[in-house]
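Engineer: Mind looking at a prediction? Sequence and model below.
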Amino acid sequence: MREPVLRIKNLKIALPAGADRDFAVDEVSYDLYPGEILCIVGESGSGKSMSANAAMGLLPDLVRPVAGEILFDGKDILKLTEDEMMDLRGRRIAMIFQEPMSALNPLMRVEDQIAEVFEAHDLLTPRDRRRRAIELLTEVGIPDPEKAARAYPFQLSGGQRQRVMIAMALALEPKILIADEPTTALDVTTQAQILELIRDLQERHGMAVMFITHDFGVVAEIADRVAVMQYGKIVETGTADEVLDHPQHPYTQKLIAAIPKLAAGAAPEEPARKAPILEVEGLNKTYVTGGGLLFSKPRVVHAVNDVSLSLAEGETLGIVGESGSGKSSVGRCLVRLMDPDSGTVKLAGQDMAHLSGEALREARKSIQMIFQDPYASLNPRAKVGRIIAEGPMAHGVPRAEAYSRAVKLLDLVDLDALAIDRYPHEFSGGQRQRIGIARALALEPRVIIADEAVSALDVSIQAQVLDLLAELKDRLNLALIFITHDLRVAAQICDRIAVMQKGRIVEMGPARAIFDNPQNAYTRTLIEAIPGREKELAAAG
Amino acid sequence: MLRFILMRLGKAAVILIAIMTLNFFLIHAAPGDPAAVMAGEAGAADAKFIAQLREQFGLDKPLLTQLGIYLKGVLQFDLGFSYRQQMPVAQLILDRLPATLLLTMTAFVISLVLGTFAGVLASARVGKWSDTAISSLALLFYATPLYWAALMAVLVFSVYFNWLPGFGYETVGANHTGLARLLDIGRHLILPATTLGLFFMAVYMRMTRASMLEVSQLDFVKTARAKGLKRSIIQRRHIFRNAMLPVVTLAGLQAGQLVGGAVLTETVFAWPGIGRLMFEALAQRDYNLLLGVFFVSAAMVLLFNLITDILYRFVDPRIRVA
């Protein structure tokens, strides 16, 4: 077999004292061969990024390698001086990151940031650096490269920024490209384009790519080989087909089983719908930004544009769309966290959209929300008991009763009753999301709006929370609006799906029909962009 | 850009008139008026004399009429007449303004430059003893009461060592001209400006330090390292420039307040500035003079806010282009 371009041998990376384990990476060995894409897969905290960061000499300050070696060009990277490391970075090994929004300096023009790569290694004249910058931007497929070169990062979209990052990484023709979750923050259609670009460039330049991800769908799209990590150890390696189709290790099996399947979801034929509990008619919301006290011209964004939908009792309606499609704005208008400009929101016959004062407070009990970020959506200074009991108490339930109900609710979401006296930071992300669910249920609502409620969770935790939601929905006869960017999740739990684009619902219907026979061109684009879909279809067919 | 400035100036004028109206009513809500104070001082507090003074000053007219007369004057750049000092208010203020601006601007530059420098230094040595030393020193200056620090500075550097003059704006009776006069003023400036500057330095130091540390954790700094850039370039080009944004905001807020903010320092160092003028006007219920000083300080705040916003458009492209 060919010689590996990078060889990691028995690498051990120590975590600072007091962490949940001693080693972020524990006795990890793997090889990266020229011209291949190796995916390192794992959930958060598995240590999947650590060995890559060690190869770049970019580990956080408190984390350090204590044993093993990383061989590149016959030398152990861990033994290089900082000067030798600087020479390596960007020139021989390049890296792109997860957040294209924050990975570029907001105060510098794109061309200057690309030119810096040459500057760092004393290559080319300033004029040639600019010329190369534009060539590189052309190569990564940015429309109007000359203009993009003069732009500041905030003037580009997320996908374009990631292309800029890739252009920077390619600048000096490195032997290795490390991509750390490069598409996680992107919309699904953009993700598909960036994956294709990385694949394409890898072939053209013959680089070796180390691709770090948590998403098996992405793995299916791009990987030649896969290494699965859990708790700092590699539990399984193999070719992409081997690992995806015949996972050997129980953890890999569990992870792959937890991925929401596109073929799952509701029965093919639509069951008879019950009476609607929520009816939305002609909902509109525009955001006006800029425009101060006098003179200046405001900017208007039509976030929700004439949206009408209905939700039957016991039904789950998915609202799917990419960022900026207006799906969250719809959710916020429904619970009146935001006032719609026009339209009606009839909840059990009563128009929520135009209530105010006491009547609105009363109506709010019936419609509750679960938020995306389980870290930010719970007050860090309040104990869990208060978080859950606060709503009922605000509606006049005596304290003792509200707290005893909180205990029952914790039991309902499979948390220990002792949780009531703890603070949110003592819980994991999945547990916090359960607390969020208990909080929403405390007011005994009839409709729950879950806004990206599982998007921040690892796939195995995500599966548990989705199961819990489905179970509670049946048990408590809830109707659910599930707002998500993730079509796999929508396919798994939704009865019906509304697809949003630019503030409008472009298509709505039974989930099966939407996935099997999408009518709208945009819906088709979205579905085709789902990572791992082709492989799944091939396996099913 | 010009459009932006004109728009902002228009807004500033509206705000200024609102502030003046508010100030006018606030001052008149306070008990006592200049006529009563003057009559009291003259030892003739009989009602007729006071009424005569009131009529002379226009205080007998309805409040709204008085406000109208005052605002009309302001619009014509006439800040009224101080009956106490027997001088136009504008004249009084213009006489004092240069001294205050000289003192406060010097102190401002000292605090900003030293504070930023100390902040960068401390952030580069975070957690080490030198970081603690810099932070503690800055905090010490901040925690020390300004007037006490000023008195000590006079005692040590003026009285004991006799290195620098301890009071006044220039040497009385020396009648220096040209360069000699400038040097004389400069020597007088050192103690008050340094005292005031060191006091404000702590704020900039802490802000710069915290901001540098925060920015150095951001993703684009990691990107810069991944390019193979030298640490010094990353510090200067990527971290420092971004870290300066909140410091610019803070500096803009502070600079505007400087006109009224040096009362204590001006008092201790007998510096003939606006701060002392305002204090005297307050004690004597010199309505017009007080309103005039408020007008100037409000205008300063608005002016520096505008300057900050213009500056921001240069340092932050997101605001310039968006």
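Structural biologist: Sure thing, it's come through. Numbers count the residues shown, from 1 in each chain, chains lettered A, B, ... in the order given.
Engineer: since we're on residue 287, how many residues are nearby?
Structural biologist: Picking chain A for this. Residues near residue A:287, counting by other CB atoms under 10 Å in any protein chain shown, number 14. Bear in mind the C-beta positions are built from the backbone N, C-alpha and C, glycine included.
Engineer: could you do chain B instead?
Structural biologist: 25.
Engineer: how about the residues of the stretch 1-150 of chain A that lie near chain B?
Structural biologist: Contact residues (CB under 8 Å from any CB of the partner chain) of the stretch 1-150 of chain A with chain B: A:56, A:58, A:86-91, A:94-95, A:97, A:99, A:102-109, A:116-117, A:119-121.
Engineer: residue in the stretch 1-150 of chain B nearest to chain A?
Structural biologist: The stretch 1-150 of chain B approaches chain A most closely through residue B:7 (4.7 Å), counting by CB to the nearest CB.
Engineer: how about that residue, secondary structure?
Structural biologist: Under DSSP: H, G, I helix; E, B strand; the rest coil, residue B:7 falls in the helix class.
Engineer: Ok, residue A:337 next?
Structural biologist: Residue A:337 - assigned by three-state DSSP - is coil.
Engineer: Disregarding flanking residues, what is the spatial nearest neighbour of it?
Structural biologist: Using CB to CB, 6 or more residues apart in numbering or on different chains and skipping the chain neighbours, the partner closest in space to residue A:337 is residue A:369 (7.3 Å).
Engineer: List the ones among the residues of the stretch 1-150 of chain A next to chain B that fall in strands.
Structural biologist: Judged by DSSP state E, strands contain the following of the residues of the stretch 1-150 of chain A next to chain B: A:94-95.
Engineer: Give me the buried subset of the residues of the stretch 1-150 of chain A next to chain B.
Structural biologist: Buried by 16 or more other CB atoms under 10 Å in any protein chain shown: A:56, A:58, A:86, A:88-91, A:94-95, A:97, A:99, A:102-109, A:116-117, A:119-121, out of the residues of the stretch 1-150 of chain A next to chain B.
Engineer: What is the burial count for residue 82?
Structural biologist: Since you didn't name a chain, this refers to chain A. Residue A:82 has 10 neighbours, counted by other CB under 10 Å.
Engineer: please go with chain B instead
Structural biologist: For residue B:82, the neighbour count with other CB under 10 Å is 24.
Engineer: Quick check: bridge partners of it?
Structural biologist: residue B:87 (DSSP bridges).
Engineer: I'd say it and residue B:289 touch.
Structural biologist: Yes: using CB atoms under 8 Å, residue B:82 is in contact with residue B:289, at 4.4 Å.
Engineer: what touches both of these two?
Structural biologist: Residues touching both residue B:82 and residue B:289 (CB atoms under 8 Å, 6 or more residues apart in numbering or on different chains) are B:89, B:92, B:281.
Engineer: Which member of these is positioned nearest residue A:476?
Structural biologist: Nearest to residue A:476 among the shared contacts of residue B:82 and residue B:289 is residue B:281, at 70.7 Å by CB to CB.
Engineer: Who are the contact partners of that closest one?
Structural biologist: B:82, B:84, B:289-290, B:293.
Engineer: Which two of those residues have the greatest separation?
Structural biologist: Greatest spatial distance in the contacts of residue B:281: B:84 and B:293, 13.1 Å, computed using CB to CB.
Engineer: Between these two, which has more neighbouring residues?
Structural biologist: For the pair residue B:84 and residue B:293, the greater number of neighbours falls to residue B:293 (27 against 19), based on other CB under 10 Å.
Engineer: which residue packs closest to the more buried one, ignoring adjacent ones?
Structural biologist: Of all residues not flanking residue B:293 in the chain, residue B:278 sits nearest, at 4.4 Å (CB to CB, 6+ apart).
Engineer: for the chain, what are the low-confidence residue spans?
Structural biologist: Reading this off chain A. Low-confidence segments of chain A, defined by pLDDT under 70: A:1, A:263-272, A:290-298, A:541.
Engineer: think we crossed wires, I meant chain B
Structural biologist: Counting by pLDDT under 70, the ranges of chain B that qualify are B:42-45, B:260-261, B:321-322.
Engineer: Could I get the contacting residues of the residue nearest the centre of it?
Structural biologist: Nearest to the mean C-alpha position of chain B, by CA atoms, centre = their mean, lies residue B:258 at 0.6 Å. Going by CB under 8 Å, 6+ apart, residue B:258 touches B:100, B:104-105, B:107-108, B:300.
Engineer: ok, now residue A:486?
Structural biologist: By CB under 8 Å, 6+ apart, residue A:486 lies in contact with A:188, A:260, A:320, A:454-455.
Engineer: can you check residue B:20 too?
Structural biologist: Residue B:20 touches B:70-71, B:74, B:291, B:294-295, B:298, counting by CB under 8 Å, 6+ apart.
Engineer: try 10 Å this time
Structural biologist: Applying CB atoms under 10 Å, 6 or more residues apart in numbering or on different chains to residue B:20 gives the contacts B:67, B:70-71, B:74, B:291, B:294-295, B:298-299.
Engineer: how about stretch A:22-38: buried residues?
Structural biologist: Going by neighbour count (16+ other CB under 10 Å), the buried part of stretch A:22-38 is A:23-26, A:28, A:30-33, A:36-38.
Engineer: no wait, stretch A:130-149
Structural biologist: Quick answer for stretch A:130-149 (16+ other CB under 10 Å): A:130, A:132-134, A:136-142, A:145, A:148-149.
Engineer: what would these look like in JSON lines with secondary structure?
Structural biologist: Output for the buried residues of stretch A:130-149, formatted as JSON lines (three-state DSSP):
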{"residue": "A:130", "secondary structure": "helix"}
{"residue": "A:132", "secondary structure": "helix"}
{"residue": "A:133", "secondary structure": "helix"}
{"residue": "A:134", "secondary structure": "helix"}
{"residue": "A:136", "secondary structure": "helix"}
{"residue": "A:137", "secondary structure": "helix"}
{"residue": "A:138", "secondary structure": "helix"}
{"residue": "A:139", "secondary structure": "helix"}
{"residue": "A:140", "secondary structure": "coil"}
{"residue": "A:141", "secondary structure": "coil"}
{"residue": "A:142", "secondary structure": "coil"}
{"residue": "A:145", "secondary structure": "helix"}
{"residue": "A:148", "secondary structure": "helix"}
{"residue": "A:149", "secondary structure": "helix"}
